[in-house]
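Chemist: Give me coordinates for this.
(one chain, ligands or ions: 1)
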Amino acid sequence: MVDFHDFSAAVLARSRDHDSRVEAHESRYRNLEPASARLLADLVCGLRAENVLEVGTSNGYSTMWIAQALPPGGRILTIDNHPGRAAEAAGHFAEVGLEAQIEQRVGDAGEELAAIHGSFDLIFLDSDRTAYLDYLPQILRLLDGLLVVDNVISHEHETADFAAALRETPGFAVLMLAVGKGLLLAQRSAEY
Ligand SMILES: C[S@@+](CC[C@H](N)C(=O)[O-])C[C@H]1O[C@@H](n2cnc3c(N)ncnc32)[C@H](O)[C@@H]1O
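Modeler: Residues are numbered from 1 along each chain as shown. The predicted structure follows:
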């Protein structure tokens, strides 16, 4: 049986080696920082989140961390518009034995979000930051719990408008954590 921690560490090491040799932003894997992945998994576990939605699968590093923290029967739906990376992610999920908990959608996040029904205990955004504001109506429709957004410190200029819009949305408590590249946590209260 594959050890999850060894496997995810090997995936991250390969990604970082690849990313260090590749210039083009869109050709890099850009995996979540390990400290952020652990915190995300702790949140999923602590909140007993059963239904998680992720925007930005890449090669599946963050997806695996979330999936291994789900309770029995829990599910994560993850979206990416890059078919090659989605296929790599699918290979990783099968190799580490997490494929039963993970559903992948390959397509533009804006279109995919509009087509999704139901509600999610936790939504994780790690994709094209300039589009987050456009996604907000769909996120408000789908979220019934905690929204987590990466890169709010490293790319504050790209995420500030989205963070401000969340702060102005009734029913949200928003905070930022200096973990990894900066995580925004926005908890939706039960009374929204
Ligand atoms: C930072 S990477 C995600 C990293 C991943 N969460 C991890 O930690 O392993 C961002 C991903 O978003 C995807 N992406 C960018 N724009 C997108 C869009 N409009 N729709 C869907 N996916 C998109 C990219 O293909 C890329 O794989």
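Chemist: Off-centre distance for the longest helix that the chain contains?
Modeler: Across the chain, the helix with the greatest residue count (assigned by DSSP state H) is helix 4-21. Distance of helix 4-21 from its chain centroid, counting by Cα atoms, centre = their mean, to the nearest Å, is 17 Å.
Chemist: If you count contacts, what does it end up packed against?
Modeler: helix 61-69, helix 83-96 (3 or more Cβ pairs under 8 Å, 6 or more residues apart in numbering; DSSP states H and E). Every C-beta, even on glycine, is put in place using the N, C-alpha and C of the backbone.
Chemist: tell me which strands and helices the helix or strand following that helix is in contact with?
Modeler: Next helix or strand after helix 4-21 toward the C-terminus (DSSP states H and E): helix 34-46. Under the contact criterion of 3+ Cβ pairs under 8 Å, 6+ apart, helix 34-46 touches helix 61-69, strand 120-125, strand 143-150, strand 183-188.
Chemist: low pLDDT regions in this structure?
Modeler: Low-confidence segments of the chain (pLDDT under 70): 190-192.
Chemist: So which residues on it come close to the ligand?
Modeler: Counting by Cβ under 6 Å from any ligand atom, the residues of the chain lying close to the ligand are 30-32, 56, 58, 61-62, 79-82, 85, 108-109, 126-128, 131.
Chemist: Could you identify the buried members of those residues?
Modeler: 30-32, 56, 58, 61-62, 79-82, 85, 109, 126-128, 131 (16 or more other Cβ atoms under 10 Å).
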